[in-house]
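S.K.: My questions are about this predicted structure, shown below with the sequence.
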Amino acid sequence: MAHYLDPKNDLTFKRVFGEHKHLCMSLINSMLPLDKPIVSIEYQSGELIPELTNILRNTSVDVRCIDEVGRQFIVEMQLYWSESFKSRVLLNASKAYIKQLDKAKNFKLLHPVYALNFVNDTFEKAPEMEHEYYHYYKIVNVKDTEKQIEGLEFLFVELPKFKPQGRAEQKLHELWLRFLTEINESIQEVPEELLENEYTREAVGYMEQAAYTKEQLDAYDKWKIDAMTERSILDDALRKGRIEGREDGREEGRAEREKLKAEKEAAEAEKAKLETEKAELLAQIAKLKR
């Protein structure tokens, strides 16, 4: 019986989508609502921006490529959500867009950049968003959303919320999300639907543990452990922040109560003083009347 690895790991994600152009194109075409599908790509390398923080730096994986008409695509897997992730996605995409000026001296020659982000975590927690896993962003006019500033577009996919619907018109879309969510180290059998499609069947083959050397498997485990460690550090920091927040809140509440008490005592003292002055004034008036 074959043993499988998780495609969300740095090693495996890049094995599938960073080394096999046809699989990367299939994934992007199935996820993004492009006017024209991608027909060929070239991979790009090099860092767009330096890491902004050590927290969760080992929990994300990205593959970058450019297609035959110059459109750029940043495909990223983020294991855990943090509020800074959206800012980093925006910075990465903006940097990729701006770097085109090194070759294109005319703004009209700039091509759009698409940021495709898979998040193995839930970040839209409102009740009405319970089943909404697909979040697509454009730069649009607030009053007339049909009017758009082209150049940057962003997609965030919340993997834990995805549930297959068996929609024929989105077959590859669902198959790739099933590949990312259902293939892992604990499965005994691969879902038949993933084996029936040539693209996902090939991708599943790259997940077989036997396809990796001992050194690669050690790197796979190390990345996983590093990611779990960083998540624990983040959870501890958030928990500490909540505790300190509650303590600060209690301290602020205590200070506010003491302030109100002092103000009340001052008001009562002022009232007593006025009553005394009033009584003295009435006594003086009574003497004058005698």
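M.R.: Okay, I see it.

S.K.: make it CA atoms for all contacts and neighbour counts henceforth
M.R.: OK.

S.K.: okay, stretch 152-170 in CSV with CA atoms only?
M.R.: The C-alpha atoms that make up stretch 152-170 are tabulated as CSV, following Å, rounded to 0.1, in the frame of the first residue of the first chain:
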residue,chain,number,x,y,z
LEU,A,152,-3.7,43.9,-9.2
GLU,A,153,-6.2,41.1,-8.4
PHE,A,154,-6.3,38.8,-5.3
LEU,A,155,-7.9,35.5,-4.5
PHE,A,156,-8.0,33.9,-1.1
VAL,A,157,-9.3,30.4,-0.7
GLU,A,158,-10.2,29.1,2.8
LEU,A,159,-9.4,25.4,2.4
PRO,A,160,-11.2,24.2,5.6
LYS,A,161,-14.5,25.6,4.3
PHE,A,162,-14.4,23.9,1.0
LYS,A,163,-17.0,21.1,0.4
PRO,A,164,-17.3,19.3,-3.0
GLN,A,165,-20.5,20.0,-4.8
GLY,A,166,-20.0,17.8,-7.8
ARG,A,167,-20.5,20.8,-10.2
ALA,A,168,-19.6,19.7,-13.7
GLU,A,169,-18.8,23.2,-14.9
GLN,A,170,-16.2,23.5,-12.1
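
S.K.: Buried residues, that stretch. List them.
M.R.: 152-159, 161-162 (16 or more other Cα atoms under 10 Å).

S.K.: And for stretch 113-128?
M.R.: Of all the residues in stretch 113-128, those buried under the rule 16+ other Cα under 10 Å are 113-121.

S.K.: And those, which is closest to Met1?
M.R.: Asn120 (27.3 Å; Cα to Cα).

S.K.: and the closest one, what is it in contact with?
M.R.: Asn120 makes contacts with 77-81, 158-160, as judged by Cα atoms under 8 Å, 6 or more residues apart in numbering.

S.K.: same check, this time on Ala203
M.R.: Ala203 sits in contact with 16, 23, where contact means Cα under 8 Å, 6+ apart.

S.K.: hang on, it in a strand?
M.R.: No: applying DSSP: H, G, I helix; E, B strand; the rest coil, one finds Ala203 to be helix, outside a strand.

S.K.: State the distance from it to Trp176.
M.R.: Ala203 is 9 Å from Trp176, where distance means Cα to Cα, to the nearest Å.

S.K.: Please state the offset of stretch 149-156 from the chain centre?
M.R.: Distance of stretch 149-156 from its chain centroid, counting by Cα atoms, centre = their mean, to the nearest Å, is 15 Å.

S.K.: again with stretch 73-90
M.R.: On the basis of Cα atoms, centre = their mean, stretch 73-90 sits 5 Å off its chain's mean C-alpha point.

S.K.: For Ile225, give me the pLDDT.
M.R.: pLDDT recorded at Ile225 is 89.

S.K.: quick one, strands of the stretch 51-200 of the chain?
M.R.: Under the criterion DSSP state E, counting those that start in this stretch, the stretch 51-200 of the chain contains strands at 60-67, 72-78, 113-119, 134-140, 148-158.

S.K.: The third one versus strand 60-67: what angle between them?
M.R.: What that stands for is strand 113-119. 150 degrees (axes from the mean of the first three to the mean of the last three Cα atoms, to 10 degrees).
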